Every structure is written in C-alpha cells, then in structure tokens.
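[1] Task: produce atomic coordinates for the following.
(3 chains)
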Amino acid sequence: MTLLHFELLGAALFCLGLYGALARRSAVLVLMSIELMLNGVNVLLVAFAAYGVRDNATGLVIAIFVITIAAAEVALAMAIVLRLFRSRGSVNVDEIDALRG
Amino acid sequence: MIDVRDVLYVAVGLFALFNGLMVVTLSLVWLERKFLGRLQGRVGPTRVGPFGLLQAVADAVKLLMKEDVSPGPAARVIFYAAPLLVFVPGFVVWLTIPFARDLAVRNLELGIFFFIAFSVLSIVGLVLAGWSSASKYAALGGFRSAAQLVSYEIPIIMTLLAVVVVAGTMNIAEVVEAQASAPYAALLPLAAAVFLLAGIAEVGRTPFDIYFAESEVVGGPFVEYSGAHWAVFFLAEYVNTFVIAALMALLFLGGWRWPFGADLPPAAGVALVLAKTYAVVLVIFWLRATYPRLRIDQLMSLGWKALIPLSFAAVLIAAAQQFYGWPVWSLTVLSVAILAVPAVLQVRLQRQPAMERARRYARRAIAERARGTGEAVR
Amino acid sequence: MALAAFYVLALVTLGGAIGVVTVRNIIHAALFLLVTLGGVAGFFALLYAEFLALAQVLIYSGAVVIVILFALMLTRRGEVELMDEHRRWPVAAAVSFGLFAVMAAAFIADAARYQADVRSSVSLDALGAVLFERWAAPFEIASLVLLVALIGAIVIARSGGRDEG
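    Model (predicted):
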C-alpha cells in the first residue's frame, strides 16, 4: 500500500467527478460531481501528508479547509438552485443559458 | 497496522453489544409502559407474563407477523434502505461507549467526536424514509424531522465540547476518570441541562416528538412502514434514548468513578453505570408523562433562541476557566448565574396574566395579517 | 491486511463514484454519493487521519448529503421522477480519461521516490497547535466565509419568487 495506490485513487475520484460535472444535466448532480472532485483532492492531500512528502500537518490542515469551504459552497449553491427552480421551473443546465430573469 | 485479530475482536464485540442492546430495549419498553402507567394513575401491562414483563416480546412477535407493505417499484430500494440508515449509525455509536475502565469494544481517542459524527447520519435516513413513502404527510414529517434534528445537533455538539475542554480529552473513559473529585453535572450544570434537553429533542421523545406524532402528521416519516421495518425505527428510538442516557451518566454524572473512587471491582462499576443510566432514562420517561408536546415553531424557537446561546455560553465559560486558570468552582458559579437568566425570564413570563399575553399575541397576529405576509393566525 | 482493506474500500468508493455520475434516478445518485463519501472517510482512517475521517463523516455524509437531498426533493417538476440523461458523455469521457492518463503517468513516473511506509498520525494536540498558530488567519477567514455563505443562502433562498411557506 504505497503512496501510488492513494495517488491513483485520488486521481480517479477527481476524474470521475470531472466526467459528472461535464456530462450531467441537472444542476444538483453537477454539484454532486464537484463534491466528488473535492474529495479526490482531499484524498491526495491527506495521502501526501501521511507519507511524509512535506511536513506532516500541512496537508491535513488544508484538507480541513477544503471540507469547510466545500460545505459553505454547497449551502450557497443549493440556495441558488432553489431560486433558479422557482423562477424558471427547471434546473437543467442546458436550459439555463440567458442572463435575463 | 490493522490486524486480523483486531477485526475479529471488534466483530465479536459488536455482536455481543447487539444482543445486549436488544435485551436493554426490551427492558426499556416494559419500563416505560409500567412507569408511565403508574404516573398516569394506572397499572400498565399486566397480562403477558409476570408483571407484564413479556409485553415487549408480544409486541415484537405481533410486529414481525404483519404484512409487508411498500410503495411502487421506483422508491422501493430507498424505502427499504431508510430504516437501516436510521438504525445502523445509532448502533455503531456503541463501539466507543465504555461501561467500565476496560469494558468498551474500542476505546477511541476521539470517542465523543465519533458519537457526534455518527448521530448526524441517522438524519439522512429519516429524510429518505419520509420522501420515499409517497405520501405528503410522510414527506412533511421527514422535512420537519430533519429541521428539528439538525437544529438540536448544535447544542449537543457545543455542550460536549464544553466537557472536552474541561476534561482535556475526547476519550470517554478518560473523561469519566477525570470526574474523580466532582461530577461534571456539578461543575457544568449549564452544559448538563442543555445536553439533556437537546438529547431528548435529538431522540425525538415527547415533548419533542411532533414530527412523528399520530395526532399531528399521522406518524410522519414512519406512516407507510409496517411490521418489521417499523420495528427497526422503534428499536432505533430506544437505542438512541439509551445512548443519550448513557452519555449523560458517563460524561456528566461521573460514570463508574464517582462517588466511590477507583478501587471498585469492575462488576460493581458496571452496575453503578447502569444504575445511573437507568435513572436518567426514568427522568426522560418522567418528562414524557408530564409535559405536553411542543408545536414545531415552539420547538424551533426553544432550540435556536434558548438552547444554542446557552450552549455557546457553556463553551465560553469552560474555555475562559481553562485559559485564565480560574479555580474549578468558578465554573459552577458562572453556570448557575447564566442558568438564572432563562429561569428569571420564565418566572416573569408565567407571572403575567394569561389574558393580557393572549391579547398582545392576537394584536400582533392581526397586524401581521393586515400587512399581508400570509402568516397563519394560531 | 491493510492492503485488503484498501482494495475493498477502493471498490466501494469508486463504485459509488461511478454510480453518482451514471445512474438515472437522482435520489439513487445521492445515495451513491453518501456511499462514496463514507468510503473516502475510510481512506482517511487508513491514513491514520482519524480526526479528518470523523470530520468527513460529520460534515460531508451528514450535513452536505442532507442539503443535497433537500435540494433534490424541492426541485422536482411535478410528480414525475426526474430522470437524468447524459448526452455529451463521449466528449466528457474522453476529457476525464485523458486527464486521468496524464495524472497517472506523472504519479507512476515519480513512484520510485516515495517508497516509505505510512507514518503514524498527527496527534490532535499537534493538529490544533498548527491550526491555531500557523494557520490562524486562514482559519478566521474560513469562519467568515461560512458566515457569509449562511447569510447569503438565507437571503437568496427566501426573497421573491413563489414562496412555498
């Protein structure tokens, strides 16, 4: 179980999230894919911290900040999605293409 | 590194814990019905077995024999997964709860944090249960339960944080050992009171059970569940009640350490912890028998306007005492001083003539309706 | 033993992630996300970052999944289950697979340098000290970000539109 295992796993999570963010049509599902990407990054950060690539605690601290900011972002994004749904009746990202309204 | 023996030990421990919790739940069901009965001037179950002791078994047999109803195929997976999502986190929490110095499945260094993290998971199960039941009352009950449980997580986390700050560790066994001289209920009465109230609200017992009460939302998120699935929810409620009572006994009432000291044989220690836990459980049942159910808006305002500021105050005084090095009894003085504020407010509120208060509320409601906000007049 | 745990967790996590990005029923996708986030928490525990593992369970699998479920349930059109289809998936798959290939190549090329075994964990005291001494300013800024997000979410979600009460 070397660092390479965790690196590949983090990269796989990130790329799966990227696929979801590009291919999904519902705004909420795009958000869920972004959460996947953030988790992939977190796995990489913590793996680097645990295997001593840099000093031990920095990776953990940055991972904590990523979790915090991701939580704030989810709350705000959900509020925006709700507002969009109320004014347009759908959350399809393909249909939300006008700045008006 | 992880060892196969560790895994086996945890597996066996969890199995034993599961059986123990089933027995405890049976005893709690019987105890509640007898105790509530006596408080309400009646006897409680007496027919099934001596003193009605087998009543819980009879209930379980009845539940298991019921027909299994489920909604259409689209939501069936979630419908069946939701009770598991509610029960399993409540059960997994028991991994770190010790009944004696060495009697825990695993004495985690972050035991209190473990409890907090997994008690949030059961909220997801309730929301899914409400939504997958294809009924408006169920969905409404699910949303209300999520709002209530999420709101009351905050006082629980903050009061447990106050305990951690004073004890200096998150390991539950260590916290019990740190109460050798005085239980934290004496040092931090504010935190103890807020934890008990918020814990009861978190479990969903009366007076905080509006989200699944039968006369309110017709059972809320549980309305479409029958038989064995409903029994899982029922089980989860009693296991959660027991967890809150056990944490109260261990973290605030001194566990096995107070007042008899360290040279107690382990069996006596376990008996002491169980006695304290059952005492707290009886207090929780007593509250159920005494107080009427809170409305959802009263419940939310109690949580946000009363318990959350009080829990923040508890953390602040604990941190100030630790940082400035004040003597330990200053915690008690400050806690009682802060508890006096809502006490005085409550006494003044209850001394006002009821008609005057009702007229004031009515005037305010009429003014709001005239402004056109559409608020329902109660 | 730890390697077996890693492979089981990797199967669960990646399976969940594939479920999130491919299934048509959006509530099932949310459940797959719950599984994936739990798997990532397991990886944190394998890396001896227990505090981070529990924080992941508390914040991600607890709070974030609840918010996502609420958003999914409150943005349905009518009573019909909102199924999701993915039409641009060839391009998206090519892009993400290409990126994965680039990253994997970079990691494998460097693999010989980091052969060390996993070190033991950072203790909670040390983590707290680093967080509040060296990273105190980002910590305060993060709490400000949370406050702003909280207020902003309430303001955005409540003003105007057809309120559902």
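[2] contacts and neighbour counts: CA atoms only from here.
    Fine.
[3] and the gap between the closest residue to chain B within chain A and residue A:57?
    Residue nearest to chain B within chain A (CA to the nearest CA): residue A:1, separated by 11.4 Å. Separation of residue A:1 from residue A:57 (CA to CA, to the nearest Å): 21 Å.
[4] Where does the prediction get shaky in the chain?
    I went with chain A, as the question did not name one. For chain A, the stretches flagged by pLDDT under 70 are A:53-56, A:99-101.
[5] I was thinking of chain C, sorry if that wasn't clear
    C:77-87, C:113-120, C:159-165.
[6] what's the helix or strand for the residue most central in space within it?
    Among the residues of chain C, the one closest to the centroid is residue C:37, at 5.5 Å (CA atoms, centre = their mean). For residue C:37, the host element (DSSP states H and E) is helix C:26-46.
[7] Say whether chain A is contacted by that helix.
    Yes. Judged by CA under 8 Å from any CA of the partner chain, helix C:26-46 comes into contact with chain A at C:26, C:29, C:30, C:33, C:37, C:40, C:43, C:44.
[8] just checking, the third one touches residue C:64?
    It refers to residue C:30. No. Using CA atoms under 8 Å as the test, residue C:30 is too far from residue C:64 to be in contact (10.4 Å).
[9] quick one, domains of chain C?
    Following automatic domain parsing, one gets these domains for chain C: C:1-111, C:122-165.
[10] among those, which is the most enclosed?
    Greatest average neighbour count among these goes to domain C:1-111 (a mean of 19), per mean count of other CA atoms under 10 Å in any protein chain shown.
[11] Could you give the separation between the terminal residues of that domain?
    22 Å.
[12] cool, and stretch B:287-294?
    End-to-end distance (CA to CA), stretch B:287-294: 12 Å.
[13] roughly how far is that stretch from the heart of the chain?
    Relative to the centre of its chain, stretch B:287-294 is centred 15 Å away, using CA atoms, centre = their mean, to the nearest Å.
[14] Residues contacting it, please?
    The contact list for stretch B:287-294 (CA atoms under 8 Å, 6 or more residues apart in numbering or on different chains) reads B:36, B:39, B:40, B:205, B:206, B:207, B:208, B:209, B:210.
[15] mind redoing it with 10 Å?
    B:32, B:35-40, B:200, B:205-210, B:213, B:281-283, B:299-300, B:302 (CA atoms under 10 Å, 6 or more residues apart in numbering or on different chains).
[16] Only the buried residues of it, if you could.
    For stretch B:287-294, burial by neighbour count (16 or more other CA atoms under 10 Å in any protein chain shown) applies to B:287, B:288, B:289, B:293.
[17] Check stretch A:23-38 too.
    A:23-38.
[18] list the contacts for residue A:65?
    Residue A:65 touches A:42, A:59, A:71, C:138, C:139, C:142, C:143, counting by CA under 10 Å, 6+ apart.
[19] Dump the domains of chain C into a markdown table; add distance to chain B as well.
    Below are those laid out as a markdown table (distance: least, CA to the nearest CA, whole Å):
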| stretch | distance to chain B |
| --- | --- |
| domain C:1-111 | 4 |
| domain C:122-165 | 9 |
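[20] how about CSV for those, with distance to residue B:145 added?
    Conversion of the domains of chain C to CSV gives the following (distance: least, CA to CA, whole Å):
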stretch, distance to residue B:145
domain C:1-111, 12
domain C:122-165, 17
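[21] and residue B:231, which of those is closest to it?
    With CA to CA, the closest approach to residue B:231 among those belongs to domain C:1-111: 23.0 Å.
[22] Residue numbers of chain B in contact with chain C?
    B:1-4, B:7, B:74-75, B:77-78, B:81, B:108-110, B:113-125, B:127-128, B:131-132, B:134, B:139, B:143, B:146, B:150, B:169-170, B:374-375 (CA under 10 Å from any CA of the partner chain).
[23] Try it again at 7 Å.
    Neighbours of chain C within chain B, by CA under 7 Å from any CA of the partner chain: B:1, B:2, B:3, B:4, B:113, B:114, B:117, B:118, B:120, B:121, B:124.
[24] So, low pLDDT: which residues of the stretch 251-378 of chain B?
    Looking at the stretch 251-378 of chain B by pLDDT under 70, you get B:373-378.
[25] ok but residue B:181 is inside a strand, no?
    No. Using DSSP: H, G, I helix; E, B strand; the rest coil, the assignment for residue B:181 is coil, not a strand.
[26] How about the contacts made by the nearest residue to the residue nearest to the centre of chain C once chain neighbours are set aside?
    Distance criterion CA to CA, 6 or more residues apart in numbering or on different chains; nearest residue to residue C:37, sequence neighbours excluded, is residue C:61 at 6.0 Å. By CA atoms under 7 Å, 6 or more residues apart in numbering or on different chains, the contact list for residue C:61 reads B:121, C:34, C:37, C:38.
[27] in the stretch 101-250 of chain B, which spans are helices?
    Along the stretch 101-250 of chain B, counting by DSSP state H, counting those that start in this stretch, helices occupy B:111-132, B:136-167, B:172-177, B:184-187, B:189-203, B:214-217, B:227-247.
[28] Just send those back as JSON lines, with distance to residue B:358 too.
    Formatted as JSON lines, the helices of the stretch 101-250 of chain B follow (distance: least, CA to CA, whole Å):
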{"stretch": "helix B:111-132", "distance to residue B:358": "35"}
{"stretch": "helix B:136-167", "distance to residue B:358": "26"}
{"stretch": "helix B:172-177", "distance to residue B:358": "47"}
{"stretch": "helix B:184-187", "distance to residue B:358": "37"}
{"stretch": "helix B:189-203", "distance to residue B:358": "27"}
{"stretch": "helix B:214-217", "distance to residue B:358": "23"}
{"stretch": "helix B:227-247", "distance to residue B:358": "36"}
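[29] Where among those is average confidence lowest?
    Mean pLDDT per stretch puts helix B:214-217 lowest among those, at a mean of 59.
[30] before we move on, the earlier item: for the contacts of residue C:61, name the two members farthest from one another.
    It's B:121 and C:37 that sit farthest apart of those, by CA to CA, at 11.9 Å.
[31] Give me the next element, helix or strand, following the one helix or strand residue B:16 maps to.
    Using DSSP H and E, residue B:16 maps to helix B:4-39. Counting by DSSP H and E, the element after helix B:4-39 in chain order, helix or strand, is helix B:55-64.
[32] now the very next helix or strand once past that next one and helix C:26-46, what's the angle there?
    Next helix or strand after helix B:55-64 toward the C-terminus (DSSP H and E): helix B:76-92. Taking axes from the mean of the first three to the mean of the last three CA atoms, to 10 degrees, one finds helix B:76-92 and helix C:26-46 inclined to each other by 30 degrees.
[33] Run the chain-centre distance for helix B:76-92.
    Once both centres are worked out by CA atoms, centre = their mean, helix B:76-92 turns out to sit 18 Å from its chain's centre.
[34] buried set for it?
    Neighbour-count burial for helix B:76-92 [16+ other CA under 10 Å]: B:78-80, B:82-92.
[35] So which of those is the closest to chain C?
    Using CA to the nearest CA, those come closest to chain C at residue B:78, 7.9 Å.
[36] give the contact list for that closest one.
    By CA under 7 Å, 6+ apart, the contact set of residue B:78 is B:128, B:132.
[37] per-residue confidence at it?
    pLDDT, residue B:78: 83.
[38] could you measure it against chain A, distance?
    Separation of residue B:78 from chain A (CA to the nearest CA, to the nearest Å): 18 Å.
[39] got it, and residue B:71?
    25 Å.
[40] Count the neighbours of the nearest residue to that residue once chain neighbours are set aside for me.
    Among residues not flanking residue B:71 along the chain, residue B:133 sits closest, at 6.5 Å (CA to CA, 6+ apart). By other CA atoms under 10 Å in any protein chain shown, the residues close to residue B:133 number 25.
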